[in-house]
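Engineer: Dropping the sequence and predicted coords here.
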Amino acid sequence: MSAKNCDKYNRWRNRTIGFRVSPEENEQIEIAVRLSGLTKQDYITRRLLCKDVVVQGNPRVYKALRDQLAAVLAELQRIEAGTEVDGELLDTIELISVILGEMKGEEQNE
(Lines give C-alpha, C1' and ligand atoms only; values in the text may rest on other atoms or scores of the structure.)
Protein backbone atom coordinates (compact mmCIF):
# COMPACT_ATOMS: atom_id res chain seq x y z
CA MET A 1 0.00 0.00 0.00
CA SER A 2 1.16 3.51 -0.74
CA ALA A 3 0.88 6.73 1.25
CA LYS A 4 -1.76 7.90 -1.25
CA ASN A 5 -4.20 5.44 0.29
CA CYS A 6 -4.10 7.15 3.71
CA ASP A 7 -6.26 10.07 4.73
CA LYS A 8 -5.10 12.96 6.91
CA TYR A 9 -5.93 10.92 10.02
CA ASN A 10 -3.60 8.12 8.86
CA ARG A 11 -6.53 5.79 8.13
CA TRP A 12 -6.23 3.41 5.20
CA ARG A 13 -8.56 4.16 2.33
CA ASN A 14 -8.97 0.67 1.01
CA ARG A 15 -12.72 0.59 0.25
CA THR A 16 -14.07 1.45 -3.18
CA ILE A 17 -17.46 3.01 -3.78
CA GLY A 18 -18.80 3.37 -7.30
CA PHE A 19 -21.96 4.79 -8.77
CA ARG A 20 -23.33 5.83 -12.14
CA VAL A 21 -24.21 9.37 -13.19
CA SER A 22 -25.51 10.90 -16.39
CA PRO A 23 -23.13 12.86 -18.64
CA GLU A 24 -24.79 16.08 -17.45
CA GLU A 25 -24.39 15.14 -13.77
CA ASN A 26 -20.78 14.19 -14.45
CA GLU A 27 -20.11 17.61 -15.98
CA GLN A 28 -21.66 19.35 -12.95
CA ILE A 29 -19.49 17.26 -10.61
CA GLU A 30 -16.38 18.01 -12.69
CA ILE A 31 -17.09 21.75 -12.57
CA ALA A 32 -17.57 21.70 -8.80
CA VAL A 33 -14.37 19.68 -8.33
CA ARG A 34 -12.32 22.05 -10.51
CA LEU A 35 -13.69 25.09 -8.69
CA SER A 36 -13.03 23.58 -5.26
CA GLY A 37 -9.35 22.89 -5.87
CA LEU A 38 -9.74 19.46 -4.23
CA THR A 39 -9.28 16.05 -5.74
CA LYS A 40 -12.47 14.42 -6.96
CA GLN A 41 -12.18 11.82 -4.20
CA ASP A 42 -11.80 14.43 -1.46
CA TYR A 43 -14.59 16.61 -2.86
CA ILE A 44 -17.11 13.76 -3.13
CA THR A 45 -16.15 12.35 0.27
CA ARG A 46 -16.64 15.74 1.95
CA ARG A 47 -19.98 16.30 0.25
CA LEU A 48 -21.28 12.83 1.10
CA LEU A 49 -20.24 13.21 4.74
CA CYS A 50 -21.89 16.68 4.91
CA LYS A 51 -18.59 18.39 5.66
CA ASP A 52 -17.76 21.88 4.46
CA VAL A 53 -15.90 22.17 1.19
CA VAL A 54 -13.44 24.99 1.84
CA VAL A 55 -11.95 26.45 -1.32
CA GLN A 56 -8.33 27.48 -0.94
CA GLY A 57 -7.46 30.16 -3.45
CA ASN A 58 -4.53 29.08 -5.59
CA PRO A 59 -3.55 29.50 -9.24
CA ARG A 60 -5.39 26.33 -10.26
CA VAL A 61 -8.65 27.50 -8.63
CA TYR A 62 -8.35 30.98 -10.16
CA LYS A 63 -7.75 29.43 -13.60
CA ALA A 64 -10.79 27.16 -13.15
CA LEU A 65 -12.90 30.17 -12.12
CA ARG A 66 -11.70 32.17 -15.12
CA ASP A 67 -12.40 29.32 -17.53
CA GLN A 68 -15.80 28.59 -16.04
CA LEU A 69 -16.80 32.26 -16.11
CA ALA A 70 -15.82 32.37 -19.79
CA ALA A 71 -18.04 29.33 -20.43
CA VAL A 72 -20.91 30.96 -18.52
CA LEU A 73 -20.50 34.16 -20.56
CA ALA A 74 -20.58 32.18 -23.82
CA GLU A 75 -23.71 30.37 -22.67
CA LEU A 76 -25.40 33.63 -21.65
CA GLN A 77 -24.57 35.15 -25.04
CA ARG A 78 -26.14 32.12 -26.70
CA ILE A 79 -29.23 32.46 -24.50
CA GLU A 80 -29.55 36.13 -25.39
CA ALA A 81 -30.87 34.96 -28.76
CA GLY A 82 -34.09 33.91 -27.00
CA THR A 83 -33.54 30.38 -25.73
CA GLU A 84 -34.27 29.42 -22.15
CA VAL A 85 -31.77 29.24 -19.26
CA ASP A 86 -31.33 25.69 -17.99
CA GLY A 87 -31.07 24.80 -14.30
CA GLU A 88 -27.52 23.45 -14.60
CA LEU A 89 -26.23 26.83 -15.80
CA LEU A 90 -27.95 28.56 -12.90
CA ASP A 91 -26.41 26.04 -10.48
CA THR A 92 -22.95 26.75 -11.92
CA ILE A 93 -23.47 30.51 -11.66
CA GLU A 94 -24.62 30.12 -8.05
CA LEU A 95 -21.58 27.98 -7.17
CA ILE A 96 -19.21 30.52 -8.74
CA SER A 97 -20.86 33.41 -6.90
CA VAL A 98 -20.62 31.60 -3.56
CA ILE A 99 -16.93 30.84 -4.09
CA LEU A 100 -16.14 34.39 -5.19
CA GLY A 101 -18.15 35.81 -2.28
CA GLU A 102 -16.24 33.68 0.21
CA MET A 103 -12.92 34.67 -1.36
CA LYS A 104 -13.89 38.35 -1.21
CA GLY A 105 -14.84 37.94 2.45
CA GLU A 106 -11.45 36.40 3.23
CA GLU A 107 -9.64 39.26 1.49
CA GLN A 108 -11.54 41.86 3.54
CA ASN A 109 -10.70 40.07 6.81
CA GLU A 110 -6.97 40.14 6.10
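Structural biologist: Here it is on my side, so go on.
Engineer: for the least confident helix or strand in the chain by mean pLDDT, packing partners?
Structural biologist: The weakest-scoring helix or strand in the chain, judged by mean pLDDT, DSSP states H and E, is helix 87-109 (a mean of 76). Helix 87-109 sits against helix 23-36, helix 59-79, with contacts defined as 3 or more C-beta pairs under 8 Å, 6 or more residues apart in numbering; DSSP states H and E. Where you see a C-beta, it was placed from the backbone N, CA and C, and this is true even at glycine.
Engineer: Nearest to residue 50, out of the ones you listed?
Structural biologist: Nearest to residue 50, of all these, is helix 23-36, at 15.2 Å by C-beta to C-beta.
Engineer: Enumerate every residue touching the spatially most central residue of the chain.
Structural biologist: Geometric centre of the chain, nearest residue: residue 32, 1.7 Å, by C-alpha atoms, centre = their mean. By C-beta atoms under 8 Å, 6 or more residues apart in numbering, residue 32 lies in contact with 43, 95.
Engineer: Show the contacting residues for the residue nearest to residue 30 when sequence neighbours are not counted.
Structural biologist: Nearest residue to residue 30, sequence neighbours excluded (C-beta to C-beta, 6 or more residues apart in numbering): residue 40, at 8.0 Å. Listed by C-beta under 8 Å, 6+ apart, the contact partners of residue 40 are 29-30, 33.
Engineer: Nothing else from me, thank you.
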